[in-house]
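Engineer: Please find the sequence and the predicted model below.
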Amino acid sequence: MVAAAVALGAAGCDEPLSSITGPTPDLKPTFSSIQQQIFEAGDSSGRVPCTNCHNPARAQFVAGLDLTHNAAYASLVGTPSREQPARQRVAAGDPEASYLIHKIEGRPDITGGRMPLNGPYLEAGQIAVITRWIELGANND
């Protein structure tokens, strides 16, 4: 993760983010970009869109997390996780306190499985971009 963060910082200065974001070369640390390229779209790694599972029809099975276009931001930012209610899914400005980061990294402190469930998982550069969006305040652009 440290290497990805360093790469993200370096990409901001000398090279495009596409050099670290692998199968999502146009990914940027903005909510609209993450929504379009991670939540609503699959990628060349074989990862399916997050909305295949995280949608209103399946909400009861996926901890109530709805990542469809009009619901994703409110479902994430400042909202407690159903799996671990003491933790926010996204704590604006604080990626370490954001349960989303723990889930997509597959940390040992999560409840249930790493996301996306059964992979392919997000690459380190993709996670670094999501982390940076949270660090920047998790704005809804």
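Structural biologist: That came in fine, so what should we check first?

Engineer: alpha carbons only for contacts and neighbour counts from here, please
Structural biologist: Will do.

Engineer: Residue 44: neighbour count?
Structural biologist: Neighbour count of residue 44, defined by other C-alpha atoms under 10 Å: 9.

Engineer: whoops, I mixed them up, residue 134
Structural biologist: By the criterion of other C-alpha under 10 Å, residue 134 has 24 neighbours.

Engineer: Specify the local secondary structure of it.
Structural biologist: Of the three states, residue 134 takes helix under DSSP: H, G, I helix; E, B strand; the rest coil.

Engineer: May I have the residues that are in contact with it?
Structural biologist: Applying C-alpha atoms under 8 Å, 6 or more residues apart in numbering, we find residue 134 in contact with 90, 91, 92, 93, 94, 95.

Engineer: could these go into TSV alongside secondary structure, distance to residue 30 and neighbour count?
Structural biologist: As requested, the contacts of residue 134 are exported to TSV (DSSP: H, G, I helix; E, B strand; the rest coil; distance: C-alpha to C-alpha, whole Å; neighbours: other C-alpha atoms under 10 Å):
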residue	secondary structure	distance to residue 30	neighbour count
90	strand	14	26
91	coil	15	22
92	coil	13	19
93	coil	13	17
94	coil	15	16
95	helix	14	22
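
Engineer: Can I get those in CSV including pLDDT and distance to residue 66?
Structural biologist: Formatted as CSV, the contacts of residue 134 follow (pLDDT from 0 to 100; distance: C-alpha to C-alpha, whole Å):
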residue, pLDDT, distance to residue 66
90, 98, 14
91, 98, 17
92, 98, 18
93, 98, 22
94, 98, 21
95, 98, 20
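
Engineer: possible to save those as JSON lines with distance to residue 111?
Structural biologist: Formatted as JSON lines, the contacts of residue 134 follow (distance: C-alpha to C-alpha, whole Å):
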{"residue": "90", "distance to residue 111": "16"}
{"residue": "91", "distance to residue 111": "18"}
{"residue": "92", "distance to residue 111": "21"}
{"residue": "93", "distance to residue 111": "23"}
{"residue": "94", "distance to residue 111": "20"}
{"residue": "95", "distance to residue 111": "18"}
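
Engineer: now, among the residues you listed, which is nearest to residue 74?
Structural biologist: residue 90 (10.1 Å; C-alpha to C-alpha).
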